[in-house]
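# heads up, no residue letters with this:
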């Protein structure tokens, strides 16, 4: 059970960082993009990553 949870978490976090990277590359590749939108995307991704970090920390507190 513990192993499955750890595996799932590592999978989710890896996908999150890939998503962030892809979103940034997509945003940069569009030349006519508004700065405000890019900042919004960045903030959104940072918020999601913060949530993931909290979840990871919470699970560590339970499992270890």
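Nice, thanks for sending it over. Computed from a predicted structure; not experimentally measured.

# so, low pLDDT: which residues of the protein?
1, 8, 11-13, 15-39, 59-64 (pLDDT under 70).

# do that again at 50, thanks
Within the chain, no stretch falls below the threshold (pLDDT under 50).

# give me the number of neighbouring residues for residue 49.
Using other Cβ atoms under 10 Å, residue 49 has 15 other residues around it. Just so you know, the C-beta spots here come from the backbone N, C-alpha and C atoms, and that holds for glycine as well.

# please apply the same query to the one 4 residues further on.
The local packing count at residue 53 equals 12, with neighbours defined by other Cβ under 10 Å.

# also residue 55?
Residue 55, neighbours per other Cβ under 10 Å, totals 13.

# grab the nearest non-local neighbour of it.
residue 9 (7.5 Å; Cβ to Cβ, 6 or more residues apart in numbering).

# which element is that neighbour on?
Assessed by DSSP states H and E, residue 9 sits inside helix 2-29.

# quick revisit: so the residue nearest to residue 55 makes contact with residue 56?
Yes - using Cβ atoms under 8 Å, residue 9 is in contact with residue 56, at 6.1 Å.

# which SSE is residue 50 in?
helix 35-63.

# one step back: distance of the residue nearest to residue 55 relative to residue 51?
As for residue 9, its distance to residue 51 is 13 Å (criterion: Cβ to Cβ, to the nearest Å).

# same thing with residue 45?
11 Å.

# neighbour-wise, which of these two wins?
Ranked by neighbour count (other Cβ under 10 Å), residue 45 and residue 51 place residue 45 first, with 17 against 11.

# count the residues that sit near the residue nearest to residue 55.
By other Cβ under 10 Å, neighbour count at residue 9 equals 16.

# and for residue 54?
10.

# cool, and residue 57?
So residue 57, with other Cβ under 10 Å, has 10 neighbours.

# same question for residue 48.
With other Cβ under 10 Å as criterion, residue 48 counts 13.

# perfect, that will be all.
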